[in-house]
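A.B. asks: Here is a sequence together with a model predicted from it:
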Amino acid sequence: MPKGYLALVLHGHLPYVRHPEHENFLEEDWLYEAITETYVPLIMVFERLVQDKVNFRITLTLSPTLISMLSDALLQERYLNHINKLIELARKEIERTRWQPEFHNLALMYLSEFSKARDTFLRYNRNLVSAFKNFQDLGNLEIITCGATHGYFPLMDIHKESVRAQVKVAVSHYESVFGRKPRGIWLPECGYYPGQDEILKEAGLRFFFSDAHGVLHGTPRPKYGVFAPVYCKGTGVACFARDLESSKQVWSSIEGYPGDYNYREFYRDIGFDLEYEYIKPYIHPDGVRINTGIKYFRITGSGNHKEAYHPQRAHDKAAQQAGNFMFNRQKQVEYLYDFMQKKPLIISPYDAELFGHWWYEGPMWIEFLIRKIVFDQDEIRLTTPSEYLSENPRNQVITPSMSSWGWKGYSEMWLQGTNDWIYRHLHVAAEKMTELAKNYPQVNGLTKRALNQALRELLLAQSSDWAFILGTGTHTEYALRRTKDHILRFNRLYEEIKSNSIDQDWLADIEYKDNIFPGIDYKAHQ
């Protein structure tokens, strides 16, 4: 019998970026990179584990925006063009590096990886969501939902109708994709405020995640700290808190595994390193240099000097560090079991794109870890939140505190001098959307289309990604434009609906551009 449980939780999310009005759009590459470097490698890991009959458990968020992009025919076609160009580039690199053996073998490796990515993409008929659904149906994966467009709930609390809409639309969308309702939700940015669990309960959700201090600062104090879930007072919705020790060991590029000098260097890419005329066909048509995904160097050290990447060394290091992570969790569980007189649960959540995209060896590390836990020890058992609650239904009742997993642990990342101006516009739009939902209870035809589109525009404007990007100072022009575009579109729709003068051609155009949630019902915002 194990002495404790480990729940690996990967949060898969990207903002909704789809621009059919442009043949090539720079920010769409976020999705293409994530498919090639994170989601296909994870699928291949899961396939190998299933093939070898490894009885694993893992939890994965697939946010509604990510699912929508992975399922979109236009973006699927554009990804196929993207990966075909990378395959072409890798073939050219094999020729260019023929007399550079340390790079030539890497070029061969990238050709193989890109070809496998394309084959996997096509094998699932271009829709990778169906791959993850298969693993859930097999019982190895628990897929949870997120806010519809990843709105940051603590700063939306002034209009609970908006939080309710984010949750209701997400749950409805999940059910349409997976044929069942989600049991749990990843609160965007782990943003929780007391009372929010009432909305989750209304939607039929059984659990959510918070950062450690969300539970540790709860009332009353949790008897078992973050090593057992708690039930929210009044609703019984379970809250699982992040274990800081295991989390930091993985995600920190300074203290964690990804910073190991043997691992691949993310910031040295041939898209920036090679001569412009050579690389020009494979970067943005406007001439903007971008990451191609072909990177020949390892981290090497903290300075600018970089040496060639050695896949076998990185492979061995990933295996070693997976063993180290397991050993540390074993010791952690042994100590906690004796101290608590109860089997502890260690929640280890990470952004999914850490694995593969930022940390190239991450998927390999996950596979080593799962195999080692299943075959090399018996103190820890992998579990999912639903499985744990089924086996351990008795838990303490508390009121968690307001918290997030953002910078400093609260709302500052999304509410600072660069982005605080957003919220007055979002709050006014939320008030107007509630007004529309109440004043037009039964409509059809053009008015209903306009009302549904108004809710889409509001949800897209509420995405926490835009405020986050403005806060970090990267891609700020795009984040600013997206925020303004969605709010302006919403305001125009509001005025046209109220004056019964809807511009049908313009409505059709923005329905085509912002086509997320085809089954949306504007009455969700009330």
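C.D. replies: That came through fine.
A.B. asks: Give me the longest helix you can find in the chain.
C.D. replies: helix 311-340 (DSSP state H).
A.B. asks: any idea how far that helix is from the chain center?
C.D. replies: Mean C-alpha position of helix 311-340 versus that of the full chain (Cα atoms, centre = their mean, to the nearest Å) differs by 25 Å.
A.B. asks: Next, the buried residues of it.
C.D. replies: By 16 or more other Cβ atoms under 10 Å, the buried positions in helix 311-340 come out as 311, 314, 317-319, 321-322, 325-326, 329-330, 332-333, 336-337. To be clear about C-beta, it is placed using only N, CA and C from the backbone, and glycine gets the same treatment.
A.B. asks: The lowest-mean-pLDDT helix or strand in the chain to helix 311-340, inter-axis angle?
C.D. replies: Here the helix or strand of the chain ranked lowest by mean pLDDT, DSSP states H and E is helix 244-251, holding a mean of 90. Going by axes from the mean of the first three to the mean of the last three Cα atoms, to 10 degrees, helix 244-251 is angled at 180 degrees with respect to helix 311-340.
A.B. asks: Give me the contact list for helix 244-251.
C.D. replies: Residues outside helix 244-251 that contact it (Cβ atoms under 8 Å, 6 or more residues apart in numbering): 6, 212, 226, 255-258, 325, 328-329, 332, 346, 348-351, 354.
A.B. asks: can you check stretch 488-507 too?
C.D. replies: 429, 432-433, 436, 440, 446-447, 449-451, 453-454, 457-458, 461, 510, 514.
A.B. asks: how about 10 Å then?
C.D. replies: Applying Cβ atoms under 10 Å, 6 or more residues apart in numbering, the contact partners of stretch 488-507 are 425-426, 428-430, 432-433, 435-436, 439-440, 443, 445-447, 449-461, 509-510, 513-514, 522.
A.B. asks: what's the average pLDDT for that stretch?
C.D. replies: Average pLDDT, stretch 488-507: 98.
A.B. asks: What strand or helix carries the residue of the chain most remote from its centre?
C.D. replies: Each residue of the chain has a distance to the centre, and by Cα atoms, centre = their mean the biggest one is for residue 99: 40.5 Å. Element membership for residue 99, per DSSP states H and E: none, as it lies in no helix or strand.
A.B. asks: The one 4 residues further on now?
C.D. replies: Per DSSP H and E, residue 103 falls inside helix 101-123.
A.B. asks: Check which helices and strands that helix is in contact with.
C.D. replies: Here helix 101-123 touches helix 40-51, helix 73-96, helix 129-138, helix 270-273, helix 311-340, going by 3 or more Cβ pairs under 10 Å, 6 or more residues apart in numbering; DSSP states H and E.
A.B. asks: That one: which residues count as buried?
C.D. replies: Buried, per 16+ other Cβ under 10 Å, within helix 101-123: 103-104, 106-107, 110-111, 113-114, 117-118, 120-121.
A.B. asks: tell me how far that helix is from the chain's mean position?
C.D. replies: Counting by Cα atoms, centre = their mean, helix 101-123 comes out at 25 Å from the chain centroid.
A.B. asks: go on, stretch 291-306?
C.D. replies: Here stretch 291-306 is found 25 Å from its chain centre; the criterion is Cα atoms, centre = their mean.
A.B. asks: One more: stretch 173-191?
C.D. replies: 12 Å.
A.B. asks: Let me see the domain layout of this structure.
C.D. replies: The chain resolves into domains spanning 4-71+127-264+309-407, 72-126+265-308, 416-524 when parsed by automatic domain parsing.
A.B. asks: so where do the strands sit in this structure?
C.D. replies: 4-12, 58-62, 141-146, 184-186, 207-210, 230-232, 238-241, 345-351, 380-382, 397-398 (DSSP state E).
A.B. asks: Dump those into a markdown table; add mean neighbour count, distance to residue 284 and mean pLDDT as well.
C.D. replies: Formatted as a markdown table, those follow (neighbours: other Cβ atoms under 10 Å; distance: least, Cβ to Cβ, whole Å; pLDDT from 0 to 100):
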| stretch | mean neighbour count | distance to residue 284 | mean pLDDT |
| --- | --- | --- | --- |
| strand 4-12 | 23 | 25 | 98 |
| strand 58-62 | 24 | 28 | 98 |
| strand 141-146 | 24 | 29 | 98 |
| strand 184-186 | 25 | 32 | 98 |
| strand 207-210 | 25 | 36 | 98 |
| strand 230-232 | 23 | 47 | 98 |
| strand 238-241 | 25 | 41 | 98 |
| strand 345-351 | 22 | 25 | 97 |
| strand 380-382 | 22 | 42 | 98 |
| strand 397-398 | 16 | 50 | 98 |
